[in-house]
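Colleague: coordinates only, sequence not included:
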């Protein structure tokens, strides 16, 4: 079954990285696909699901945006998984942060596992903040263990190709007019007949 195989690969990746990068300290979580925001690669939400037969049995959610998989390598996609696992470590294990802010404590863990925080995804980016991504350290742990995982595993499905949103120009309701003699400026509708009060000449519209 496609669903079983798809989620098993991600579950296996979570288990593998938990062992290799987090000393098996992370609890199980529910991995999902969500398309809540176009540019969002993934997110972690602590303690989102309760067992139906035991309300005290609670697990967190780690979600990936499948539309972000397009034109990204398996290694890059898995780096997002580990990025969110660092949130799981900080929030559920360290109890250090419960908000959306990417702080230094989280950033230090990212660097330890081989991912460099950056709001631009490049070395010149800020390392803390609300909107944050990362880039892979070519000498770090992640690139080595992810290469090992991908020797026997692969991701087989993308979401939809992102659609470029063309910003619609608003219809202009006011236009700029100026006087050719004194450069006096005025604003009005496109068909306005404006006269310069200084020069008594018709003002010209700037299209």
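Modeller: Arrived safely. None of the values given here were measured: they were computed from a predicted structure.

Colleague: Name the SS class of the residue most central in space within the chain, please.
Modeller: Closest residue to the average C-alpha location of the chain: residue 40 at 3.0 Å, with Cα atoms, centre = their mean. With DSSP: H, G, I helix; E, B strand; the rest coil as the basis, residue 40 sits in coil.

Colleague: Give me the distance between it and residue 131.
Modeller: Distance, residue 40 to residue 131, using Cβ to Cβ, to the nearest Å: 10 Å. All C-beta atoms are positioned from the backbone trio N, CA, C, and that covers glycine.

Colleague: which residues do those two both contact?
Modeller: Common contact partners of residue 40 and residue 131 (Cβ atoms under 8 Å, 6 or more residues apart in numbering): none.

Colleague: Three-state assignment for residue 81, please.
Modeller: Residue 81 ends up helix, using three-state DSSP.

Colleague: residues in contact with the nearest residue to it once chain neighbours are set aside?
Modeller: Ranked by Cβ to Cβ, 6 or more residues apart in numbering and with sequence neighbours excluded, the top spatial neighbour of residue 81 is residue 13, at 6.0 Å. With contact set as Cβ under 8 Å, 6+ apart, residue 13 has these partners: 78, 81, 149, 153.

Colleague: And the pLDDT at the second one?
Modeller: Listed pLDDT for residue 81 reads 98.

Colleague: if I pick it, what's in contact with it?
Modeller: Here residue 81 is in contact with 10, 13, 14, 17, 42, 62, 64 (Cβ under 8 Å, 6+ apart).

Colleague: related to what we said a few turns ago, am I right that the residue nearest to residue 81 is in a helix?
Modeller: Yes - assessed by three-state DSSP, residue 13 belongs to a helix.

Colleague: burial count for the closest residue to residue 141 other than its chain neighbours?
Modeller: Leaving out its chain neighbours, the residue that sits closest to residue 141 by Cβ to Cβ, 6+ apart is residue 114, at 4.2 Å. Residue 114 is flanked by 21 other residues according to other Cβ atoms under 10 Å.
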